[in-house]
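Engineer: A structural model of the following input is requested.
(one chain, ligands or ions: 1)
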Amino acid sequence: MILVSACLLGHRVRYDGRHCLREDVRGLLGDEPVLALCPEVMGGLGTPRPPARFVGASFGREGADVLSGRARLVNEDGKDVSLAFARGAKLVAELCAQHGVRLALLKDRSPSCGWDPQGVNPQGGPGQGVLAALLSQMGVTVREVRSSARGER
Ligand code: SF4
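Structural biologist: Numbers count the residues shown, from 1 in each chain. Down below sits the predicted model:
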C-alpha cells in the first residue's frame, strides 16, 4: 500500500480550500492500493485554515524538531498549532503501520508533507515536514512530489 498526500489526488484539503491534483501521480500508483490522507485535517485543523510556519527549527530537521518539542509551528494568526500537526502526523503514521505502507508520495513545500532534505527544490519550502519526519523515522520511503500551483505553502 502507498500513502499519498490527499491534495495530490484532488481532495480539497489544502489550507486555502483548494487541491493540487497531479494526474501523473495516479499513473505512478498502478494497481497498488492507496491511502489518501491529509495529516492536517486529521489533526483537527479546518479547511480552509491559516497557513503555518516553523519557528526555531533547523533546516532539514523541522518536522523532527517539532515532534521533539525543540521547535513550533505557528499559524498566520500567531497561534501555536504544533500539537495539531503532531497529532495528525501520528494518526496518519498509525494507519500506515496498520496497512503496511512502505512508500509515501508527499506534496512538496508543506509543513506536514514536505520532503526536501537537501534543499534542492527551486521553489523552496522546508526540508522535512512533520509527517515526513515521522514516516522517515519509521523506515517508510518518502518521495517528494512537486506541485506547480502557485500560492502554496
Ligand atoms: S500537503 Fe499534506 S497537509 Fe497539506 S493539504 Fe496536502 S495532504 Fe494536507
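Engineer: Output the below-cut-off pLDDT ranges for the protein.
Structural biologist: The chain contains residues with pLDDT under 70 at 149-153.
Engineer: try 90
Structural biologist: Judged by pLDDT under 90, the chain has its weakly predicted residues at 26-28, 30, 147-153.
Engineer: need the contact list for the residue nearest in space to the middle of it.
Structural biologist: By CA atoms, centre = their mean, the chain has its centre lying nearest to C113, at 1.5 Å. By CB atoms under 8 Å, 6 or more residues apart in numbering, C113 lies in contact with S5, P39, L106, K107, G129, L131, A132. The C-beta positions use only the backbone N, C-alpha and C, and glycine is treated the same way.
Engineer: Run a quick neighbour tally on the nearest residue to the fifth one once chain neighbours are set aside.
Structural biologist: The spatially closest residue to G129, leaving aside those adjacent along the chain, is G114, at 3.9 Å (CB to CB, 6 or more residues apart in numbering). Burial measure for G114: 28 neighbouring residues, criterion other CB atoms under 10 Å.
Engineer: just the strands in this structure please.
Structural biologist: Remark: strands assigned in the chain by DSSP state E are 2-5, 34-37, 52-55, 72-75, 103-107, 141-145.
Engineer: Tell me which of those strands approaches L91 most closely.
Structural biologist: Closest approach to L91 among the strands of the chain (CB to CB): strand 34-37, 8.4 Å.
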